[in-house]
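> Provided below for reference: sequence and predicted model.
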Amino acid sequence: MAGSGRLRARFALTSCAVALALCGPGVALARADTPIAEPNDNIVQAFGPLSPGETYSGSLDSPNDVDRLLLYVNGAKQIDIAVTKVGAGCSGSLDAELRNGDGGYIGSGSPSSDGTAHIGVGAPGAGILLLTLTGTCAGNPYQVVAGPADAITTVPSGPIPRPSASPNSTAEPNDDVAHASAPVAAMQWYGGEMASPNDVDMYAIDVNGAKQIDVAVAKVGAGCNGTVDAELRNADGGYIGSASPSSDTFAQIQATTAAAGRIYLKVSGTCAGNAYEVLAGPADAIGGNTGGRDGPSVKPRVFGPGGIVVSPSNRRCLSRRNFRIRIRNIHGVTVAAAAVFVNGRRVRLIRGRRLRAPVDLRGLPKGRYTVRIRVFTTDGRTLTGQRKYRTCSPRRPGGSPPL
């Protein structure tokens, strides 16, 4: 019993304090178990990392209680996780299941009262392991010991660190590439939540060359359903990869980029209330110099030859007519969205192969009109420009302008 073990430990310490002669330097003293702290219900709260050979004590305190413990394994090693059900408790057994951080099944056991189940398996490689303990009633105490010492470590291992209890926050709106949370720093977790059934969160990631990248998405807690969806694309919309992590696991999107530039991660779901975290790595691939490809160092012209916007010249007056402004893609820059204003009033956009905005000056008094354009690119930039036009009344052949 755990209580008798702790009593023996206290007795040994008291005996040594009273009579040092009875406890020499070579005598090992019994240690009290390490309590498992609550809350530990999800992947972010998971208790750990566990030290090898240490005895940890916990209890399932409600019928729906879930305890998650985190371990690091330092390679493809043989491991042994001993789970003991202490005393009769409220039922005859409890359930223990060991999985990778990405949710891959490793092993399980169901110790009965005062019995020990060993989950002895070969770990597939270095990284995070999660031990989940569950029951059907309130009041089942247990103990856990993980080993051996050459396999279990308290030092973080593997390509993906554990999700953070305090991730970097991301602001809304970030529903499209024009408003993407950008750019994420390498090997740092960013947290978000699906605020509505149709919510989409977009993240910009700068890659500094033709590199192998690893983008991880963790679904935190049960949420409103079992998964979230993540999709990675190039700035031009080309598909890179996707993943759908289930509750309290993380999924990885691994790919090799063709060149330096900006890519986008889209996270979406089908209901409101799914919390998640995202991370991009490795550190030598994310951030830094993007080579000027779809990066903020490139600033294309808005108006004029080679510009994004095609519109009439403002060097001569316009005879109170209507015209169209065309917004186009140019080399190295892809337009995601745009907004056009005439004297502060927004103009309706027409979508097609190109974005077009009809500007109608008919019926307006003679004078100057400012056309202001805001263009959002797929690499997260906002380009702005304006032109001033003046209207005039055309002369009619053989007479004066109409009154």
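Okay, I see it.
> how about the strands of the stretch 1-150 of the chain, start to end?
34-35, 55-60, 66-73, 78-85, 95-100, 105-109, 116-122, 127-134, 140-147 (DSSP state E, counting those that start in this stretch).
> Ok, the stretch 251-400 of the chain next?
Counting by DSSP E, counting those that start in this stretch, the strands of the stretch 251-400 of the chain are 261-268, 274-281, 309-310, 322-327, 335-342, 345-347, 355-360, 368-377, 382-390.
> For the chain, which residues score under the pLDDT cut-off?
Within the chain, the ranges that satisfy pLDDT under 70 run 1-31, 289-301, 303-306, 312-321, 331-332, 379-380, 393-403.
> switch to 50 and redo it
Scanning the chain for pLDDT under 50 picks out 1-30, 291-298, 399-403.
> Identify the bridge partners of the residue nearest to the spatial centre of it.
Closest residue to the average C-alpha location of the chain: residue 278 at 1.4 Å, with Cα atoms, centre = their mean. Taking DSSP bridges as the rule, residue 278 bridges to residue 190, residue 217.
> residues contacting residue 104?
By Cβ atoms under 8 Å, 6 or more residues apart in numbering, the residues touching residue 104 are residue 124. Using the backbone N, CA and C atoms, a C-beta is placed for each residue, glycine as well.
> switch to numbering from 740
Sure thing, new numbering starts at 740, so read that last one as residue 843.
> and it, backbone torsions?
Backbone torsions for residue 843, taken as degrees, to the nearest 10, come to phi -70, psi 130.
> related to what we said a few turns ago, reformat the strands of the stretch 990-1139 of the chain as a markdown table; add distance to residue 963.
A markdown table is the format used below for these (distance: least, Cβ to Cβ, whole Å):
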| stretch | distance to residue 963 |
| --- | --- |
| strand 1000-1007 | 13 |
| strand 1013-1020 | 6 |
| strand 1048-1049 | 43 |
| strand 1061-1066 | 38 |
| strand 1074-1081 | 29 |
| strand 1084-1086 | 35 |
| strand 1094-1099 | 36 |
| strand 1107-1116 | 30 |
| strand 1121-1129 | 33 |
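> give the contact list for the residue nearest to the centre of the chain.
923, 928-929, 931, 942, 954-957, 969, 1004, 1006.
> hmm, 6 Å instead?
Residues in contact with residue 1017 (Cβ atoms under 6 Å, 6 or more residues apart in numbering) are 929, 942, 956.
> Tell me which of the strands of the stretch 990-1139 of the chain sits most buried.
Of all the strands of the stretch 990-1139 of the chain, strand 1013-1020 carries the top mean neighbour count, a mean of 24, counting by mean count of other Cβ atoms under 10 Å.
> Can I get that one in PDB, CA atoms only?
Coordinates of each C-alpha in strand 1013-1020 appear next as PDB, following Å, rounded to 0.1, in the frame of the first residue of the first chain:
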ATOM      1  CA  ASN A1013     -12.000  23.500 -30.900                       C
ATOM      2  CA  ALA A1014      -8.700  24.800 -29.400                       C
ATOM      3  CA  TYR A1015      -5.500  24.000 -31.200                       C
ATOM      4  CA  GLU A1016      -1.800  25.000 -31.500                       C
ATOM      5  CA  VAL A1017       0.500  25.200 -34.500                       C
ATOM      6  CA  LEU A1018       4.300  25.100 -34.800                       C
ATOM      7  CA  ALA A1019       6.700  25.300 -37.800                       C
ATOM      8  CA  GLY A1020      10.300  23.900 -37.900                       C
END
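> ok, residue 1065 touching residue 1093?
Yes - Residue 1065 lies in contact with residue 1093 (Cβ atoms under 6 Å); the separation is 5.4 Å.
> Could you give the backbone dihedrals for residue 954?
Phi and psi for residue 954, reported as degrees, to the nearest 10, are phi -110, psi 120.
> Would you indicate which residues of stretch 789-804 are buried?
Judged by neighbour count (16 or more other Cβ atoms under 10 Å), stretch 789-804 contains these buried residues: 789-791, 794-799, 804.
> Which two among those are spaced furthest apart?
The most widely separated members of these, counting by Cβ to Cβ, are 791 and 804 (25.9 Å).
> State the distance from the residue nearest to residue 1104 when sequence neighbours are not counted to residue 1106.
Computed as Cβ to Cβ, 6 or more residues apart in numbering, the closest residue to residue 1104 that is not its neighbour in sequence is residue 1130, at 7.9 Å. Using Cβ to Cβ, to the nearest Å, residue 1130 is found at 6 Å from residue 1106.
> cool, and residue 1007?
47 Å.
> domains of this protein?
Domain ranges of the chain: 740-771, 773-892, 907-1020, 1048-1129, per automatic domain parsing.
> Ends of the second one, what's the gap?
Just to be clear, that refers to domain 773-892. Here the two ends of domain 773-892 are set 17 Å apart, with distance taken as Cα to Cα, to the nearest Å.
> again with the third one
Start and end residues of domain 907-1020 are separated by 15 Å (Cα to Cα).
> re the thing from before, residue 947: which of the buried residues of stretch 789-804 is nearest?
Closest to residue 947, out of all of the buried residues of stretch 789-804 and judged by Cβ to Cβ, is residue 789, at 36.6 Å.
> With only the CA atoms kept, save stretch 1084-1098 in CSV.
Output in CSV follows, covering the C-alpha atoms of stretch 1084-1098 (Å, rounded to 0.1, in the frame of the first residue of the first chain):
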residue,chain,number,x,y,z
ARG,A,1084,-16.8,55.5,-51.1
ARG,A,1085,-16.1,51.8,-51.7
VAL,A,1086,-16.7,50.5,-55.2
ARG,A,1087,-18.1,47.1,-55.9
LEU,A,1088,-15.5,44.6,-57.3
ILE,A,1089,-16.3,42.2,-60.1
ARG,A,1090,-14.5,38.8,-59.9
GLY,A,1091,-13.3,36.8,-62.8
ARG,A,1092,-9.9,35.9,-64.3
ARG,A,1093,-8.9,39.4,-62.9
LEU,A,1094,-10.4,41.6,-60.3
ARG,A,1095,-12.2,44.6,-61.9
ALA,A,1096,-13.8,47.7,-60.4
PRO,A,1097,-16.2,49.9,-62.4
VAL,A,1098,-15.8,53.6,-61.7
